[in-house]
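**Student:** I'd like to go over a predicted model; first the sequence, then the structure.
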Amino acid sequence: MDVLSDLLNTFRIQSKVFHNGQYCGSWNIDTSGTKKASFHIVTHGTCELLLDQGKRHEGLLEAGDLVLFPRDLQHQLTNDIHTTIALNSVPSRKFSEGLRNDGTGLVCGHLEFEHPYNNILFDILPDYLVVSSKQSPWDQQLRPILEVVLSESRSELPGVEVTLNRLTEVIFMILIREYIDKGFAKNGLAAALKDKRITKVLEAIHSDPAKDWTVESLAELAFMSRSAFAKKFKELIGMTPLGYVQRWRMNNAYRWMRDDNISIGEAADRTGYSTEAAFSKAFKREIGISPGKIKNN
């Protein structure tokens, strides 16, 4: 399994659509402040995107466009950049009341990972990302899915909410992949996954987390000197090679104990620890809670 697939499989993105409707007349909304990643997809009509308490106009969003906020940045969506309408004072209308030509349809939701102790995938992306389904490089990958989202948003068939949740999860995964593949990021995990030497190291760590890795053995995989490798790895990933090994071990241990219901002893064995005590101490240091609390929940 490649590194990105492994990360997505471990942390498991979940989308929860909290709004699917249309705003009409004068309106002005801000859904930030939840400490969650959020997104908005324009399903019909247009709206303006404002940042920094309305002081920065970031442009016009049209049907099929989306904006993603991985880090809960303050933002506003409105029909008028000069609006004086109070935030969130105008209720939206259901599509069952009839599609309004002067309205703006929005599908809005939150994104979270099932694994609550790592945001490494959100860190790949910038503070916010505006995507037009009509512009390269997103058009070929996202347009077909967005067309289904637009259709589902106005559907009254059973299961619409769940369908929209799953579709927006797929959209997020495509955004992550395309952001990495097109080399938009110059540092962080996204940049590391474009470096074949570092990617080879990450693949080795992910495939055998219990191995007694050293900086020397990892540097050999990258065909780099120990010092050059350690410097490059920390510049890209933001932590030392062995720090990453430790984090990956404990993130997996968390998932194994929660999802697969393995024992603490087995988790210790899978992560290369000879005793439960040593594993438990390392787990609490890295994750912040004892492994026993995972088992008891």
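**Tutor:** Great, that's in hand. Remember, predicted model here, so these are calculated numbers, not experimental data.
**Student:** Give me the average confidence score over stretch 281-290.
**Tutor:** Averaged over stretch 281-290, pLDDT sits at 91.
**Student:** Mind listing what's buried along it?
**Tutor:** 282-283, 286-287 (16 or more other C-beta atoms under 10 Å). C-betas here are computed from N, CA, C, even on glycine.
**Student:** With secondary structure and distance to Leu167 added, can I get these in CSV?
**Tutor:** Shown next, in CSV, are the buried residues of stretch 281-290 (DSSP: H, G, I helix; E, B strand; the rest coil; distance: C-beta to C-beta, whole Å):
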residue, secondary structure, distance to Leu167
Ala282, helix, 39
Phe283, helix, 35
Glu286, helix, 34
Ile287, helix, 31
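**Student:** want to try TSV for these, with distance to Ala191 as columns?
**Tutor:** Putting these into TSV (distance: C-beta to C-beta, whole Å) gives the following:
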residue	distance to Ala191
Ala282	28
Phe283	29
Glu286	24
Ile287	26
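**Student:** If we only consider these, which is nearest to Val3?
**Tutor:** Glu286 (19.5 Å; C-beta to C-beta).
**Student:** and the closest one, what is it in contact with?
**Tutor:** 246-247, 250 (C-beta atoms under 8 Å, 6 or more residues apart in numbering).
**Student:** most surrounded residue in these?
**Tutor:** Highest neighbour count within the contacts of Glu286: Met250, with 23 neighbours (other C-beta atoms under 10 Å).
**Student:** tell me which element that one falls in.
**Tutor:** Per DSSP states H and E, Met250 falls inside helix 241-259.
**Student:** who's in contact with that helix?
**Tutor:** With contact meaning C-beta under 8 Å, 6+ apart, helix 241-259 is reached by 10-11, 115, 117-118, 201-202, 205-206, 209-210, 213-215, 218, 229-230, 233-234, 237, 239, 262, 264, 266-267, 270-272, 279, 282-283, 286-287, 291, 294-295, 297.
**Student:** hey, C-alpha coordinates of it in CSV?
**Tutor:** What follows is helix 241-259 as a C-alpha-only set of coordinates in CSV (Å, rounded to 0.1, in the frame of the first residue of the first chain):
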residue,chain,number,x,y,z
PRO,A,241,13.1,10.3,11.5
LEU,A,242,12.8,8.4,14.7
GLY,A,243,10.2,10.8,16.0
TYR,A,244,8.1,9.9,12.9
VAL,A,245,8.7,6.2,13.6
GLN,A,246,7.4,6.6,17.1
ARG,A,247,4.3,8.6,16.1
TRP,A,248,3.4,6.1,13.3
ARG,A,249,3.7,3.2,15.8
MET,A,250,1.4,4.8,18.3
ASN,A,251,-1.1,6.0,15.8
ASN,A,252,-1.4,2.5,14.5
ALA,A,253,-1.6,1.1,18.0
TYR,A,254,-4.5,3.4,18.8
ARG,A,255,-6.3,2.2,15.7
TRP,A,256,-5.6,-1.5,16.3
MET,A,257,-6.8,-1.3,19.9
ARG,A,258,-9.9,0.7,19.0
ASP,A,259,-11.0,-0.9,15.8
